[in-house]
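1. what follows is a predicted protein model with its sequence.
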Amino acid sequence: MQNLNDKYFVNGIHIEEKVFNVEEVEQLRTAFYEVLDICESYRAQKGVVSGMDNTVHHVLFMRKIFQQMIQKDKNKKILDLFFDEKKYILNSLGGNNNTKANYASNIHRDVRFYTQDRLMLNSIWCISPLNKNTGSTQFLLNSHLNESPPTQKEFDDSCISIEADVGSIVYFDSRIWHRAGKPIEGLRERIIYTPIYSRPFIKPGFNYSLALQESEYFNDSSDLVKQLSSYFSDIPQSHLDWYGFNERRFYLKDQDQ
Ligand SMILES: [Fe+2]
């Protein structure tokens, strides 16, 4: 297998091992089922009946463990390298327990526009292992530099299936072409979280800044959690907010540097 331990993302992928210890993995696993109940109750309220089974969305402030784990030094180090020491935010933090093949089994990439610059990074927190049994993601290395998708044959001939242990994080440039693998029949559990990060001038998938300010965690939150939550690249809600720049600037000038 080609080198996937490249923090500089020459191939478009990097796997960081042993980010979460056994206890942290277990806490994240327990938290998954707790926030799944919460997300299912929201879906029930809104009459969402299909397509989202075993999936959770935007969980950062549902449990403290997510804020603690996202700030891990090993995680931040890779994010800093990918974004070239520039500012970045969280675009989304969800997860799933997919034990069967799903829509992501077709060749796709996780960003709908193409840029030459690196603007977005996907990651997978391995609460379960990723391997042939659990259906590991298949990637076409270096394809993040190609605007057009590969043909089915090009992909089939050259794709690689990644393997990652429990506690690892798999990072991949959001431009890379990939597809989900197929788990074996009868697999009981395959929990992953899938944080996505971007430069701050890309609109995030959820108003994490508001969620943070309305949460019990705001007063004690670190600058890193505020940064990830777009608190420093925020939008004024009103003219009084906007004219109140002596109290708080909503979009700091360092965000685009
Ligand atoms: Fe994907």
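-> It's in. Computed from a predicted model, the values in this text were never measured in an experiment.

2. name the helices or strands packed onto the lengthiest strand in the chain?
-> With secondary structure taken from DSSP state E, the chain has its longest strand at strand 120-126. Counting contacts by 3 or more C-beta pairs under 8 Å, 6 or more residues apart in numbering; DSSP states H and E, strand 120-126 packs against helix 73-82, strand 169-173, strand 191-193, strand 196-198. C-betas here are computed from N, CA, C, even on glycine.

3. Val49: neighbour count?
-> 9 (other C-beta atoms under 10 Å).

4. nearest residue to it other than its sequence neighbours?
-> Arg43 (8.0 Å; C-beta to C-beta, 6 or more residues apart in numbering).

5. ramachandran angles for that neighbour?
-> Per-residue torsions, Arg43: phi -60, psi -40 (degrees, to the nearest 10).

6. repeat for Asp254
-> The phi/psi pair for Asp254 (degrees, to the nearest 10) is phi -80, psi -10.

7. ok, it touching Lys87?
-> Yes - counting by C-beta atoms under 8 Å, Lys87 is a contact partner of Asp254 at 6.3 Å.

8. which neighbours do those two share?
-> Common neighbours of Asp254 and Lys87, counting by C-beta atoms under 8 Å, 6 or more residues apart in numbering, are Phe232.

9. quick one, which of these two is more surrounded?
-> Lys87 (16 against 11).

10. surely the more buried one touches Pro200?
-> Yes - counting by C-beta under 8 Å, Pro200 is a contact partner of Lys87 at 5.3 Å.

11. just the strands in this protein please.
-> 13-16, 55-56, 89-92, 95-97, 120-126, 138-139, 160-161, 169-173, 178-179, 191-193, 196-198.

12. which outside residues touch the fifth one?
-> The contact list for strand 120-126, computed with C-beta under 8 Å, 6+ apart, reads 19-20, 28, 69, 75, 79, 82-83, 88, 91, 95, 110-111, 130, 137, 164-175, 192-199, 202.

13. sheet partners, orientation included, of that strand?
-> Paired neighbours of strand 120-126 in the sheet (DSSP bridges): strand 169-173 (antiparallel), strand 191-193 (antiparallel), strand 196-198 (antiparallel).

14. quick one: the first one to helix 73-82, angle?
-> In other words, strand 169-173. Angle, strand 169-173 to helix 73-82, by axes from the mean of the first three to the mean of the last three C-alpha atoms, to 10 degrees: 10 degrees.

15. any buried residues in strand 169-173, and which?
-> The neighbour-count check on strand 169-173 (16 or more other C-beta atoms under 10 Å) flags Ile169, Val170, Tyr171, Phe172, Asp173 as buried.

16. please apply the same query to stretch 64-74.
-> Neighbour-count burial for stretch 64-74, with 16+ other C-beta under 10 Å as criterion, is recorded at Ile65, Phe66, Gln67, Met69, Ile70.

17. in the stretch 1-150 of the chain, where is pLDDT below threshold?
-> Across the stretch 1-150 of the chain, the ranges flagged by pLDDT under 70 are 1-3, 103.

18. for His57, give me its contacts.
-> Cys39, Ser92, Gly94, Phe206.
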